[in-house]
Structures are given as C-alpha cells and as structure tokens.
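Trainee: Need a 3D model of the following:
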Amino acid sequence: MKPNNFFAVDLGATSGRTILGSIADGKLVQRELTRFPNNIIQTGGHFFWDIYALYAEIIRGLKVVADEGLEIASIGIDTWGVDFVMIGKDGGILRNPYCYRDPHTDGAMEEYFRRVPKEKVYEKTGIQFMQFNSLFQLATLKKNHDSALEAADKILFVPDALMYMLTGEAVCEYTILSTSQMLDPRTKKIDNELIDVIGLKESQFGRYVNPSDVVGTLTPEVQQMTGLGAVPVVAVAGHDTGAAVAAVPAENERFAYLSCGTWSLLGIETKDAIISDKSYEYNFTNEGGIEGTTRFLKNICGMWLLERCRKEWTDAPDIAQLCKEAMEAPAFQSFINPDDAMFANPVSMVEAIQTYCKQTGQHVPQDYREMARCIFESLAMRYRQVLGYLKDMAPFAIEKLHVIGGGSRNAYLMQMTANSIGLPVITGPVEGTAIGNIMLQAKAAGMVNDMFEMRSIIAKSIELNTFMPQDAEMWDEAYSKYMNVTK
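Mentor: Coordinates of the predicted model:
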C-alpha cells in the first residue's frame with residue numbers, strides 16, 4: 001500500500017517551514033515539522049537569498065521524517081516568485097540568487113522598453129509591470145556583464161533550483177515561470193522574442209512541467225544524507241500564490257481571492273488570460289494556475305508595511321495586542337497608498353509613512369497605534385480600489401472575497417476589508433500555500449481527481465470565518481478621502 005504522507009516545503013520571503021500532510025476519512029490532516037528564517041544577505045552592495053541554507057533546511061526536515069520512521073509518498077516545494085539561480089555547465093550553482101528587492105533593477109523596465117515597446121511586452125505576456133520581474137532582472141545582469149549569467153548553462157527559478165538540488169533534474173514549472181514576464185499565457189511557453197533581445201535561449205530554462213507532474217526522485221546523495229529512499233519529487237504549484245489559490249475552498253467561480261501576507265495578491269481565477277486595454281491600464285497580471293487556469297490578479301504591498309514598522313518599534317506589544325490597541329486610535333485620520341514607490345524598501349518604514357502623510361497634508365501618525373491603524377485602513381481601501389478594477393473586467397459577477405494567508409488571522413483587518421468592499425469576506429485557510437502544495441501532491445498520487453474535489457476536502461478540513469459588511473455610509477465617505485489623498 002502506498003504511503004499517505006506528503007512532505008511540503010513552503011518558503012516565503014521572510015520564513016520557511018516543512019509540513020507533513022495526509023488525507024484520512026475525506027479530510028486533510030497536517031502538522032508542522034520544522035520552521036526557520038529565510039534571511040536576505042546583504043553584501044557587496046547587493047541583496048541575495050541563501051539557496052544553500054534553504055536546501056539545508058529541507059534536508060533537516062527530511063531527516064525528521066526519517067528519524068520518526070515515516071514513509072512519505074512525495075515531496076513538493078513552493079516559494080515566492082521571479083527570482084532564479086544560475087547553474088554552470090558542470091552542474092554547479094554559480095552564485096546565490098539575487099533578491100527581488102535588490103535595487104539593481106532601478107530603471108531596468110524603461111531601458112528594456114527602448115528595445116521592445118511596453119505595450120508589446122504586455123500584449124505578449126499579460127503580466128503586471130514590476131521592475132523586479134525576472135525579465136528585467138535578467139536584462140540588468142546582461143547589461144552589467146554578470147559573470148554568473150555569462151557562464152550559465154541553465155537558469156532555474158528558486159523552487160525549480162531546489163528540486164534540482166534534490167533530484168538533479170532541471171525543469172521549468174508553469175506557475176513559477178508565469179511570474180517572470182517571459183511566458184506567453186496562450187502557448188504556456190517562453191516567448192523567444194522577449195529573451196532573444198537579451199541574448200538568452202529557451203533551452204536554458206529546463207524542460208516544462210506542470211503542477212502535479214513528477215520531476216524525479218531523490219538522488220543517492222540526498223538519500224544517504226536523509227536516510228530516506230528514492231522518494232518522488234512533485235512539481236506542485238511552485239509559485240506560492242498558485243499553491244495558495246489552489247487551496248481556496250470556493251463553491252463556484254463567482255469569487256475573488258486575496259492572498260494576504262507579506263504581499264497582498266487580489267484577483268480572480270479564469271479559464272483564459274485577460275489581456276485588454278483595461279488590464280494594461282490597471283496593470284493587472286495573468287499568472288499560471290492549476291489545471292491550466294489563469295490567476296488574473298494585481299500585486300499589492302501587504303503586511304510588509306507592518307512587518308518593517310515592527311522592527312523599528314521598541315515599545316510595541318505582540319501582534320495580537322498591537323492590533324487591538326490600533327483600534328483605540330481614531331479612525332480615518334491618515335491614509336497612504338501602500339503601493340507608492342517610497343514603501344518598496346525604505347531605510348525606515350516609520351519615517352516613510354510619516355513623510356507620505358506630511359506631504360499629502362494629513363495627520364502624521366505619532367505612535368504605533370496610529371500607524372498600525374493607518375496601515376490597516378489603507379490596505380482595506382486599496383483592496384476596494386483594486387476590486388473595483390476587477391469587477392470591470394471579470395467575466396462573471398463577484399459575490400464574495402475569500403482571504404487566505406497569515407493576514408486572514410487579523411480579524412480587525414478582515415472586518416475593515418468587508419466594510420470597505422461591501423461584500424462578505426470568508427477567511428481560511430491561514431496556511432493556504434502548504435495545503436495547496438499537499439493537495440497537488442495528493443492529486444499526483446491519484447488520491448484526488450481535480451480542483452473541485454481538492455477544494456471540497458479542504459472546506460471540510462478547516463474552520464472558515466465570515467465577516468459581513470458594516471457601516472457602509474461611513475466607509476464610503478472615508479473611501480472618497482482615500483482616493484483624494486492617493487490620486
């Protein structure tokens with residue numbers, strides 16, 4: 001009998017963890033095995049990820065499995081998007097990957113558009129323009145004669161690189177590739193014209209695989225290190241948002257989703273990409289989903305704002321108490337545009353927020369209570385603004401918002417969001433990426449047939465909370481203020 005345990009590696013931009021999941025009696029059961037930080041390394045004037053540290057943590061989690069005498073059916077890895085690792089002709093990793101927050105891509109989009117017009121890039125890819133998208137990172141490295149890129153035989157996105165380290169197989173998974181601004185969503189392959197202008201070839205990105213495809217098995221080296229056998233490694237939705245959206249316990253298509261974490265990703269799930277004048281104007285993105293679907297969404301700066309502020313606040317309590325005390329501050333005193341460039345990676349987030357409020361003639365938040373309330377209300381207003389764009393373009397009526405991710409634990413923010421958008425907000429699962437990762441492995445093992453069966457099992461396995469809209473008139477008035485301040 002095949003083992004019914006699945007090993008999920010869920011890597012975010014600030015931390016990672018390994019999880020053991022199984023399906024029993026029609027429900028998903030999971031437990032965390034290990035948790036660890038994912039630290040950005042600053043050296044030589046640049047920011048990098050430590051791919052070797054992440055690999056070591058995966059090995060540590062697999063050793064826990066072996067030490068407990070467990071059998072696992074497969075291993076799946078999901079991570080953040082856009083970043084990549086260069087592999088040399090001898091199969092070795094050439095350098096730790098750049099972090100998407102590195103400023104070396106400042107001005108890279110405008111420079112690339114002198115070679116391929118902006119409108120043409122969007123028409124080809126349908127991807128939201130962000131200066132750290134893989135296309136612009138690669139163009140920057142090429143311009144700078146980066147030694148690792150010049151020597152690269154393969155370019156592997158972070159989850160693909162970690163699977164390569166485990167199996168020796170070089171692949172290019174659909175959902176993670178879709179974050180790069182190099183994928184044509186119609187053909188589901190790399191657009192050669194876009195990479196030709198920077199001197200790259202499609203063959204450098206490994207063979208294409210889709211969610212639930214088996215990539216390979218653990219190498220003899222990894223088997224020896226962990227004490228496990230030739231366990232299959234499955235390409236789940238390598239992009240964490242793709243995995244998270246796979247876990248949305250929706251009953252039908254008439255929903256929007258919000259993946260609420262360091263980033264907020266607000267969108268809908270569609271059969272085909274939406275590439276139009278409006279989607280171009282609003283700067284929406286078409287990313288790969290499971291079973292050939294498209295995640296039509298917009299990236300919004302999320303809890304990154306609060307995370308950065310908390311590192312500066314020396315007098316703030318734990319997060320639960322902080323959220324409670326934020327509600328004691330007066331409402332609607334100050335708003336920011338969470339996506340303003342000044343909040344991307346400032347030296348001081350506190351000073352950046354205060355400067356924005358001062359420059360826009362608003363009350364300047366003076367303590368953590370006022371600042372946290374400003375962040376929460378501004379996010380809720382930004383969600384309303386972006387949801388309005390979605391309603392203009394969606395091929396169906398949006399009836400509710402499903403919220404997944406760590407931010408869904410913040411009941412105050414969730415109630416604000418319901419008040420702001422005027423729709424029911426359903427929260428859960430909190431750990432959506434891990435659940436989606438596990439369920440896609442279960443699909444590869446033949447335990448579930450499709451996304452509808454996956455979502456039915458998830459809905460039975462977790463507790464969902466619903467927040468209904470309140471105080472519509474007051475929130476409508478505040479939204480008008482927000483729009484005037486942030487225009």
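
Trainee: Could you use CA atoms for every contact and neighbour count after this?
Mentor: Fine.

Trainee: what ranges do the strands span in the stretch 51-200 of the chain?
Mentor: 74-78, 84-87, 154-157, 171-173, 183-184, 189-190 (DSSP state E, counting those that start in this stretch).

Trainee: Surely Val29 is in contact with Gly21?
Mentor: Yes. Between Val29 and Gly21 there is a contact under Cα atoms under 8 Å: 5.6 Å.

Trainee: rewinding a little: looking at the strands of the stretch 51-200 of the chain, which is nearest to Ile58?
Mentor: strand 74-78 (9.4 Å; Cα to Cα).

Trainee: Other residues contacting that closest one?
Mentor: 5-11, 159, 162-163, 231-240, 243, 433, 437-438, 441 (Cα atoms under 8 Å, 6 or more residues apart in numbering).

Trainee: That strand: how far from the chain's middle?
Mentor: Relative to its parent chain, strand 74-78 has a centroid offset of 16 Å by Cα atoms, centre = their mean, to the nearest Å.

Trainee: How about stretch 130-140?
Mentor: The answer for stretch 130-140 is 17 Å, by Cα atoms, centre = their mean.

Trainee: Go through that stretch and flag the buried ones.
Mentor: 131-140 (16 or more other Cα atoms under 10 Å).

Trainee: which residues does Ala459 contact?
Mentor: Taking Cα under 8 Å, 6+ apart, one finds Pro249 in contact with Ala459.

Trainee: For the host helix or strand of it, list every residue counted as buried.
Mentor: Using DSSP states H and E, Ala459 maps to helix 451-461. Neighbour-count burial for helix 451-461, counted by 16+ other Cα under 10 Å, picks out 451, 454-459, 461.

Trainee: do stretch 62-69 as well
Mentor: Counting neighbours by 16+ other Cα under 10 Å, stretch 62-69 gives 62-66 as buried.

Trainee: how far does that stretch sit from the chain's center?
Mentor: On Cα atoms, centre = their mean, the centre of stretch 62-69 falls 29 Å from that of its chain.

Trainee: Which residues does it contact?
Mentor: 33, 71, 225-228.

Trainee: buried subset of these?
Mentor: Applying 16+ other Cα under 10 Å to the contacts of stretch 62-69 flags 33, 71, 226, 228 as buried.

Trainee: Sort out which of the residues you listed are in helices and list them.
Mentor: Thr226 (DSSP state H).

Trainee: quick one: which of the buried ones among the contacts of stretch 62-69 is nearest to Glu377?
Mentor: So of those, ranked by how close each gets to Glu377 (Cα to Cα), first place is Leu33, at 35.3 Å.

Trainee: residues in contact with the closest one?
Mentor: 17-20, 61, 64.

Trainee: Would you work out how far apart the start and end of stretch 300-316 are?
Mentor: End-to-end distance for stretch 300-316: 25 Å, by Cα to Cα, to the nearest Å.

Trainee: Give the buried residues for it.
Mentor: For stretch 300-316, by 16+ other Cα under 10 Å, it's 300-306, 308-310, 316.

Trainee: So what's the residue count around Ile462?
Mentor: Using other Cα atoms under 10 Å, the number of residues around Ile462 comes to 15.

Trainee: Just the pLDDT for it.
Mentor: In this model, Ile462 is scored at 91, pLDDT.

Trainee: One more: Val64?
Mentor: 98.

Trainee: likewise Glu307?
Mentor: 95.

Trainee: Can you tell me how far it is from Ile426?
Mentor: Glu307 is 24 Å from Ile426, by Cα to Cα.

Trainee: What of Leu33?
Mentor: From Leu33 to Ile426 the distance is 28 Å (Cα to Cα).

Trainee: Likewise for Ile93?
Mentor: From Ile93 to Ile426 the distance is 43 Å (Cα to Cα).

Trainee: out of these two, which sits in the busier spot?
Mentor: Ile426 (23 against 20).

Trainee: and the more buried one, that's in a strand?
Mentor: Yes. Counting by DSSP: H, G, I helix; E, B strand; the rest coil, Ile426 is part of a strand.

Trainee: sorry, back to before: if we only consider the buried ones among the contacts of stretch 62-69, which is nearest to Glu325?
Mentor: Leu33 (33.1 Å).

Trainee: And the pLDDT at that closest one?
Mentor: So, for Leu33, pLDDT stands at 98.

Trainee: just Met1 next, same as before
Mentor: 52.

Trainee: what separates the top helix by length along the chain from the chain centre, distance-wise?
Mentor: In terms of residue count, the longest helix belonging to the chain (DSSP H) is helix 368-393. Centre-to-centre, helix 368-393 and its host chain are 18 Å apart (Cα atoms, centre = their mean).

Trainee: Compute the distance between Lys142 and Ala344, please.
Mentor: 24 Å.

Trainee: got it, and Val29?
Mentor: Val29 is 37 Å from Ala344, by Cα to Cα.

Trainee: pull the CA atoms of stretch 357-376 into PDB?
Mentor: In PDB, the C-alpha atoms belonging to stretch 357-376 read as follows (Å, rounded to 0.1, in the frame of the first residue of the first chain):
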ATOM      1  CA  CYS A 357       1.200  61.700   5.400                       C
ATOM      2  CA  LYS A 358       3.000  65.100   5.800                       C
ATOM      3  CA  GLN A 359       3.500  65.600   2.100                       C
ATOM      4  CA  THR A 360      -0.300  64.900   1.500                       C
ATOM      5  CA  GLY A 361      -1.400  67.300   4.200                       C
ATOM      6  CA  GLN A 362      -2.800  64.700   6.600                       C
ATOM      7  CA  HIS A 363      -2.400  64.000  10.300                       C
ATOM      8  CA  VAL A 364       1.000  62.400  10.800                       C
ATOM      9  CA  PRO A 365       0.800  59.200  12.900                       C
ATOM     10  CA  GLN A 366       2.700  59.700  16.100                       C
ATOM     11  CA  ASP A 367       2.900  56.200  17.700                       C
ATOM     12  CA  TYR A 368       2.500  52.500  16.800                       C
ATOM     13  CA  ARG A 369      -1.300  52.600  17.400                       C
ATOM     14  CA  GLU A 370      -1.900  55.400  14.900                       C
ATOM     15  CA  MET A 371       0.500  54.000  12.400                       C
ATOM     16  CA  ALA A 372      -0.900  50.400  12.500                       C
ATOM     17  CA  ARG A 373      -4.400  51.800  12.100                       C
ATOM     18  CA  CYS A 374      -3.300  53.800   9.100                       C
ATOM     19  CA  ILE A 375      -1.700  50.700   7.600                       C
ATOM     20  CA  PHE A 376      -4.900  48.600   8.100                       C
END
